[in-house]
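1. Structure of the sequence below:
(chains A, B and C)
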Amino acid sequence: MTRLQGFMRFECSAFRVQGRLRPAAMILAGLLLSAVVAASAIEPFPFESELQEQRFRSLAEEIRCTVCQNQSLADSDAPLAQDLRRELFAMLQDGRSDMEIRMFMVDRYGDFVLYRPPLAGHTLLLWGGPIVLLLIALGSTIVIVRRRRKAL
Amino acid sequence: MIAEFGQVSLILALVLAILLGTLPLYGAHRGNETLMRLAPSLVIGHFVFLAAAYVALSAAFLNHDFTISYVALNSNLLLPWYYRLSAVWGGHEGSLLLWMLMLGGWMLAVAAFSRTLPREFVTRVLAVMAIVSIGFLLFTLLTSNPFDRILPGPTDGRDLNPLLQDPGMIFHPPLLYMGYVGFAVAFGFAIAGLLGGKVERDWVRWARPWTLAAWAFLTGGIALGSWWAYYELGWGGWWFWDPVENASFIPWLIGTALLHSQAVTEKRGSFPAWTVLLSIAAFSMSLLGTFLVRSGVLTSVHAFANDPERGLFILMFMAVVTGAALLLYALRAPRIMTGPGFDWMSRETMLLINNVFFTVSAAMVLLGTLYPLIVDFMGWGQISVGPPYFGAMFILLMTPIVILLPLGPFTRWKQDEVMRVIRPLAASAAVAIVLGLIISAALGAWNLRAITGWIGGIWVMAGAIAWVTRQWRSSRSGLALHQWGMTLAHFGVGVFLIGVAMVESMTFERDMRIAPGQTVEAAGYQFTLHEVTQVKGANWRADEARFTVHRNDREIAAMNPQKRLYHRGGQVMTQVALRPGITRDLYIAMGEELDAESGAWSIRIHVKPFVRWIWGGAALMTLGGLVSASDRRYWRRRRTEAKQARTAEVPA
Amino acid sequence: MIRMLLPLIVFGGLLALLIAGLQTAEERKLVQSPLVGKPVPEVTLPALHDPQTTRSTAELVGQPYILNVWGSWCWACRVEHPFIERLGQEAGVPLVGFNWKDEREDALEWLERFGDAWSFHLVDFEGRAAIDLGVYGAPETYLVDHRGIIQHKHIGPIDATVFEDLMRRIMQMRAEAGS
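-> Predicted structure coming up:
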């Protein structure tokens, strides 16, 4: 993801991708640019109440960081994540509801940005699949036990 | 020289694997003793060459041989020797070498400990495992050679990722691989069983200790990974349902179902098809996990490599191995016998229900992990599937298991009465409800999650104790090892449950601003920052904050979180300060300096109640699995009819 | 017999899905923008050369244009700059720069050094407006038509293939605007 953010030395705190080594990459890796202190996910906001803080935290954990895609907004150090957290705080101060805040994010970044998949036609298989599978399996269990009882 | 030596060793190992996968197998098919006798020596040779290659790579790391590109990418001059050794498996190529070494090791163990098994059968098992080894060796030699040279060699390496420069990371991959690879043994047994078409009950009994050991290692490996992520990554979480975490969890769920299915097939001969299928599935899912980590098909924190070309190779390999296995299943399954009958209330039914829930859970995790692929494939846009989905679904599917768990061991085989099973557990249920409510109230954890967690956890633990007590009283010779093992593991589930419930519902987490000299309050604890100084390490330097923690005016701890800068790679890493405890962890992570003048920093403080119980429970499960695996009853060659009749009576 | 083959069939399906997944792995990493096909948000920001004045996307309604997100800190922007220059010369539509999270002096210095191929720039230092546009990295390039609808968004640096594709789309937008 260094390609997109372009920030020198900024990397999502994760395992680096160990690609195949090319000599050019080695040289690039050797270029030690001054370490830019990246924004930190640890950011105290002046919350009005504990409830507001809890809402902030739970919403931030529900939102996926588009830069460091394996972290939630609450944990990502990416500068964009910092911007979005500030936006989130501003919206909470503004009195927006949880649903409005989620919609705000989805309108701009798509369903990708929520860790909870929406309940829609295209996620029917996702939410319903395991339940249906369970029912089929339990149904088969009943059939099997019935059959085995006869062999008793 | 070392690199070439290592490379040659790998090629020789491949040659031996090819021989092992063909000649003895043919010998088993034809009843040719000479060919079958080749197997043990080939297995030894195969292992020796793999070990030689591994040692060669380790030596290269120790000696700073940067002309080997893998060494240059994962180590450097400042790296301490112990991390140089663990760096061997820190990257894609080396971790494959570890995989193969372990596979070779398990094959050696199977050859060594299977004296009492029919030669034909063992030969087939070893041959199947050798075929798996061929696949991995080809993958390594053709696409991921750890011995590739880079000439001229750089004067210094890049570095091992600082996240990996940690004791937890030393043990996590080896344990995990022991588990993954261990399932190859169960797989081998299942295939050998299908090939031979012999009586299932015997070979399933032989497969059990291997499967138990593999499962135990996998449990330990996953738990270690969770624990490591918790204290190393600085976000205070212990499980993220990340694709690669899921990739290790799916084989675990299937493995758990397999263990229980094997119990039924061994004792009563029922569900042999299930046992075979689950054996194939467990190993396939291990291979799938390998694929997910290395192919880049899903973005993940863990991705070793993002190489679709390599991914395709693994996928083809998986297609061949699993495809052939399932085809064999389709052809031979009708021959498998079905076993005697059983009633609605019977241990068979209980275990069948157990397997249904575990298998569906595995399918659910797989579905959720791959769903973004499906959505993209179908052109439905783009979605993410994360903890809100997995967490909710998993709780839904596991709740019945938690409720039914203590009943299982109390239920007789074949036929039992509901009241007969419930009666001895009535006390446990009462204790669970009363104690659960009292403890929740006393801890101030008066919410649904915590209360149900305590009740469920105590119910499971009390049920295990109740069963042990009854066994102890009724039996003259006490409990067998495998019974202790089962009890330990089930007890561990209860401990785990409480840990999860408390951490998920009662965690305290807050970002705060603090300057030297100030004190902040968090969940009844007072955190005082004294100063922030500069410290140096082997290959890093850091800003270290010195805290003392007080509670009720008594000093509890000194905690020193750091923010490290690793020289070589220029990475900034937070080193969390952790104060573990049985009933709570204190956790401080540094953010950044907010104000140079006052020296104020942002910090994140967590107080995490009972979080150690999560890994404590997992440790008990691991121990239980290992204890069970060591029970000699699995090694006996034959069982008489009389013994069979007796075990049908006494629930064991 | 089908019952026995069921596991194999299911596995086959899984395999097919994974093979398809491998092909799309790179593109799935890009976050598709839900704003494509929707009106571009009205964004009013200070200009780069004269920070006292403001420019806006509203003033561009009636003609198609390119909106290119860049920053002096973004090294991939340097890589795509030759193509940006060509776009500026050959596209025949305004090429608006969106200077994202950048210091004014750094941005001006960068333009000095590499050349200012853009018609004008909008400066978003805080990043607030970028969020409304769904920007999550640089460089990103939006194609907006004469009605103000975002027709296309390209994420990442522009290379030769992408350039051809963008030019084709721009020609189409120009044709539609002409009629």
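2. Going by C-alpha atoms from here, please, whenever you check contacts or count neighbours.
-> Noted.
3. Check chain C and tell me which residue is nearest its centre.
-> C:Thr141 (1.8 Å; CA atoms, centre = their mean).
4. got the residue ranges for the strands in chain C?
-> Here chain C has its strands, by DSSP state E, at C:44-46, C:54-56, C:65-70, C:95-100, C:120-124, C:140-144, C:150-155.
5. on that earlier part again, residues contacting the residue nearest to the centre of chain C?
-> By CA atoms under 8 Å, 6 or more residues apart in numbering or on different chains, the residues touching C:Thr141 are C:66-69, C:153-156.
6. between the residues you listed, which is closest to chain A?
-> Each of these was checked against chain A using CA to the nearest CA; the closest is C:Gly156, at 6.2 Å.
7. Could you give the bridge partners of the residue nearest to the centre of chain C?
-> With DSSP bridges as the criterion, C:Thr141 is bridged to C:Asn68, C:His154.
8. distance of it from C:His152?
-> From C:Thr141 over to C:His152 the distance is 8 Å, taken as CA to CA, to the nearest Å.
9. what does A:Lys150 give?
-> Between A:Lys150 and C:His152 the computed distance is 66 Å (CA to CA).
10. so is B:Tyr549 in a helix, a strand, or just coil?
-> Tyr isn't right for residue B:549; it's Val. strand (DSSP: H, G, I helix; E, B strand; the rest coil).
11. Counting neighbours, what do you get for it?
-> 21 (other CA atoms under 10 Å in any protein chain shown).
12. Could you find the closest non-adjacent residue to it?
-> Distances taken as CA to CA, 6 or more residues apart in numbering or on different chains place B:Phe527 nearest to B:Val549, at 4.7 Å, with adjacent residues excluded.
13. Tell me how far the one helix or strand the one you found maps to lies from the chain's centre.
-> B:Phe527 belongs to strand B:525-536 when assigned by DSSP states H and E. Between the mean C-alpha location of strand B:525-536 and the chain-wide mean there is a distance of 37 Å, by CA atoms, centre = their mean, to the nearest Å.
14. how about low-confidence regions in the chain?
-> By default, I'm working from chain A. In the predicted model of chain A, residues A:1-11, A:13-38 satisfy pLDDT under 70.
15. Can you look at chain C instead?
-> Across chain C, residues meeting the criterion (pLDDT under 70) sit at C:179.
16. how does the chain divide into domains?
-> In the absence of a named chain, chain A is used. As recorded under automatic domain parsing, the domains making up chain A are A:2-116, A:120-152.
17. other chain: chain C
-> Taken from automatic domain parsing, chain C resolves into C:1-30, C:32-178.
18. need the longest helix for chain B.
-> Across chain B, the longest stretch assigned as helix under DSSP state H is helix B:200-233.
19. my bad, chain C
-> helix C:2-23.
20. got the residues of chain C near chain A?
-> C:31-35, C:73-76, C:126-128, C:131-134, C:136-139, C:156 (CA under 8 Å from any CA of the partner chain).
21. ok, of these, which come out buried?
-> For these, a burial check counting by 16 or more other CA atoms under 10 Å in any protein chain shown picks out C:31-35, C:73-76, C:127-128, C:131-134, C:136-139, C:156.
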